[in-house]
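Student: Sequence plus predicted model, see below.
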Amino acid sequence: MMLFFQSDFFVNLAYIFASILFIFGLRMLGNPERAQRGNLVSSTGMLLAIVVTLFDQTIISFQLLSIALIAGAIVGASAASFVKMTTMPELVALFNGFGGIASLLVGSAEFLNVSALGSIALFAVSLTVLIGGVTFSGSLIAFGKLSEILNGKPFLFVGQRIVLSIILILALALGVEVIVNTGLLGLSNEMLLVSLIGIAVVLGILLTVPIGGADMPVIIALLNSYSGIAAASAGFVINNNVLIVAGSLVGASGIILTQIMCKAMNRSLSNVLFGGFGASSSSSSSTSIEIQGEVKPINVADAYLILEAANSVVFVPGYGMAVSQAQHSVRELGELLEENGCDVKYAIHPVAGRMPGHMNVLLAEANVSYDLLVEPEDVNPIMETVDVCVVIGANDVVNPDARENEGSPIYGMPVIEVDRAKTVFVLKRSMASGFAGIDNPLFLKENSRMLFGDAKESISTLVSEFKS
Ligand code: NAP
């Protein structure tokens, strides 16, 4: 019986079933109502793949495996329970990095342990080590930037492209040497591997440091894709079909997400990777147009009176809503407005927050109906008919400079055009800038009212006003 479970037929059948579960799970993630079940379906597929692999291959002793499994489960469970929603993007960046280093280690172990690898296997090994190393170091830089341990601004230096090209050529030369083994470089196998790892790590750093400001979502999605490609490549190295499928799924979905993020920023991928955020504009801030107007604060009581009379309200959440965890109060306010006969919508910008889909996740957690969510291109054409736009801790994604100021680093990026609504409430704590570090003339527009304070507190007080 045990022999049947270890037969190629059974193992491959189980892998195919696991792959089907991954694909269905992924498909279900596209719909917020089925997303949780989708996660469960994919996790079941992963559990099946792991169990079958462990019984199929007696890789290392079960005692060692159990220790690793327990340690991994503790790290995973504590990360999932203790990491705050606002630090999820950093966690995602770190997990991408873990994926990268795992692939790098698999590739390295195969390279050192197996004496006679064929050239296709050696090609897969060098690719796995290279992409794994780039993903690892790139993800650590992204983590540092997102957690503000490192400066979030793009780091550009003279001759950057030349240095990058030299490193790329070196990486290519080392990769070819691993495959062909001409001996021209005079390096032992171990030194070849160490050099390839070193080059990959430097490449990851050099590819990530020039990216910063509002471009960060693109690199996060791209690193996610790299981690998938590295895993698929590791699958080829160890001849594991399910790893190839899982890695390809992550790689492909990461590339699609990267494209979506580039579109949201109205930038090409090469411009994001090599341009540097704001480097192409004549000014590094939005000061090339003199910002005119004055700040007009409003208190909650007055904001309530305007909202109470409004026929249409559009909420525009941003990173500040995640910081203050205001999503539940926002949903409550939305429901009260609807009961008052008001048409309520939630406009979501693809790069709002700090990770792709950040706002969708928060609003889904607060049970906001998915039907009420609209994209910028749906809401912008009707913006002039909206009575009140309530901007909740959003800043860069509602900056009118993206349309009006050619000198702005975000010029050309599609934004939610809240300044064209009849009235705009901006809920934030101060006049501070957002992630991109640029001024926002929205705050000084004639129709803007600043509701200063923590977003959750402001919204909760508005809810109380409605209830009383
Ligand atoms: P944002 O431009 O970063 O602005 C967030 C605003 O929230 C800040 O101006 C801050 O102002 C306010 N805020 C913070 N805590 C608050 C609180 N407790 N209550 C009320 N307001 C609070 O956010 P965004 O408009 O969502 O734009 C996202 C930015 O992050 C874009 O530049 C995007 O490119 C970048 N980014 C996105 C991702 C992604 O994948 N989505 C990843 C990395 C980077 P105060 O301090 O004055 O309160």
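Tutor: Noted; the coordinates are in hand.

Student: Report whether residue 244 is found in a strand, as I expect.
Tutor: No: counting by DSSP: H, G, I helix; E, B strand; the rest coil, residue 244 is located in no strand; its state is helix.

Student: Enumerate the residues of the stretch 1-150 of the chain near the ligand.
Tutor: residue 89 (C-beta under 6 Å from any ligand atom). For glycine as for every other residue, the C-beta is placed from the backbone atoms N, C-alpha and C.

Student: In the stretch 1-150 of the chain, which residue sits closest to the ligand?
Tutor: Nearest residue of the stretch 1-150 of the chain to the ligand (C-beta to the nearest ligand atom) works out as residue 89 at 5.7 Å.

Student: so what's that residue up against?
Tutor: 146, 220, 353, 354, 355, 358 (C-beta atoms under 8 Å, 6 or more residues apart in numbering).

Student: Is the second one within a helix or a strand, and which one?
Tutor: Assessed by DSSP states H and E, residue 220 sits inside helix 216-237.

Student: how far out from the middle of the chain is that helix?
Tutor: The chain centre lies 12 Å from the centre of helix 216-237; the measure is C-alpha atoms, centre = their mean, to the nearest Å.

Student: May I have it as PDB, with CA atoms only?
Tutor: What follows is helix 216-237 as a C-alpha-only set of coordinates in PDB (Å, rounded to 0.1, in the frame of the first residue of the first chain):
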ATOM      1  CA  MET A 216       7.000  51.500  -4.700                       C
ATOM      2  CA  PRO A 217       3.800  49.500  -5.500                       C
ATOM      3  CA  VAL A 218       5.300  48.500  -8.900                       C
ATOM      4  CA  ILE A 219       8.500  47.100  -7.400                       C
ATOM      5  CA  ILE A 220       6.600  45.200  -4.700                       C
ATOM      6  CA  ALA A 221       4.500  43.500  -7.400                       C
ATOM      7  CA  LEU A 222       7.600  42.800  -9.500                       C
ATOM      8  CA  LEU A 223       9.500  41.300  -6.600                       C
ATOM      9  CA  ASN A 224       6.500  39.100  -5.900                       C
ATOM     10  CA  SER A 225       6.700  37.900  -9.500                       C
ATOM     11  CA  TYR A 226      10.500  37.300  -9.200                       C
ATOM     12  CA  SER A 227       9.900  35.100  -6.200                       C
ATOM     13  CA  GLY A 228       7.500  33.000  -8.300                       C
ATOM     14  CA  ILE A 229       9.900  32.700 -11.200                       C
ATOM     15  CA  ALA A 230      12.700  31.700  -8.800                       C
ATOM     16  CA  ALA A 231      10.400  29.000  -7.300                       C
ATOM     17  CA  ALA A 232       9.400  27.700 -10.700                       C
ATOM     18  CA  SER A 233      13.100  27.600 -11.700                       C
ATOM     19  CA  ALA A 234      13.900  25.700  -8.500                       C
ATOM     20  CA  GLY A 235      11.100  23.300  -9.500                       C
ATOM     21  CA  PHE A 236      13.000  22.500 -12.700                       C
ATOM     22  CA  VAL A 237      16.200  22.100 -10.700                       C
END
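
Student: same question for that helix, mean pLDDT?
Tutor: For helix 216-237, mean pLDDT is 92.

Student: just checking, residue 405 touches residue 413?
Tutor: No: with contact defined as C-beta atoms under 8 Å, residue 405 does not reach residue 413; the gap is 11.5 Å.

Student: Name the helix or strand for residue 449, please.
Tutor: strand 448-452.

Student: What is the neighbour count of the closest residue to residue 385 other than its chain neighbours?
Tutor: Leaving aside its chain neighbours, residue 385 sits nearest to residue 312 (6.7 Å; criterion: C-beta to C-beta, 6 or more residues apart in numbering). For residue 312, the neighbour count with other C-beta atoms under 10 Å is 17.

Student: Contact partners for residue 312?
Tutor: Contacts of residue 312 (C-beta under 8 Å, 6+ apart): 342, 343, 344, 345, 385, 386, 387, 388.

Student: What does the pLDDT read for the residue lying closest to residue 367 once chain neighbours are set aside?
Tutor: Nearest residue to residue 367, sequence neighbours excluded (C-beta to C-beta, 6+ apart): residue 331, at 6.3 Å. We have a pLDDT of 97 for residue 331.

Student: Equivalent analysis for residue 79, please.
Tutor: 81.

Student: Now it: which helix or strand?
Tutor: For residue 79, the element it lies in under DSSP H and E is helix 62-82.

Student: Rounded mean pLDDT for the helix or strand just after that helix, please.
Tutor: Next helix or strand after helix 62-82 toward the C-terminus (DSSP H and E): helix 88-113. Average pLDDT, helix 88-113: 90.

Student: Would you mind getting the angle between helix 88-113 and helix 216-237?
Tutor: 30 degrees (axes from the mean of the first three to the mean of the last three C-alpha atoms, to 10 degrees).

Student: how about helix 88-113: buried residues?
Tutor: 88-97, 99-108, 110-111 (16 or more other C-beta atoms under 10 Å).

Student: swap in stretch 405-419?
Tutor: 405, 407-411, 413-419.

Student: got it, and stretch 142-150?
Tutor: Going by neighbour count (16+ other C-beta under 10 Å), the buried part of stretch 142-150 is 142, 143, 144, 145, 146, 150.

Student: Find the nearest non-adjacent residue to the last one, please.
Tutor: Take residue 150 and drop its neighbours on the chain: the residue closest to it by C-beta to C-beta, 6+ apart is residue 144, 3.6 Å away.
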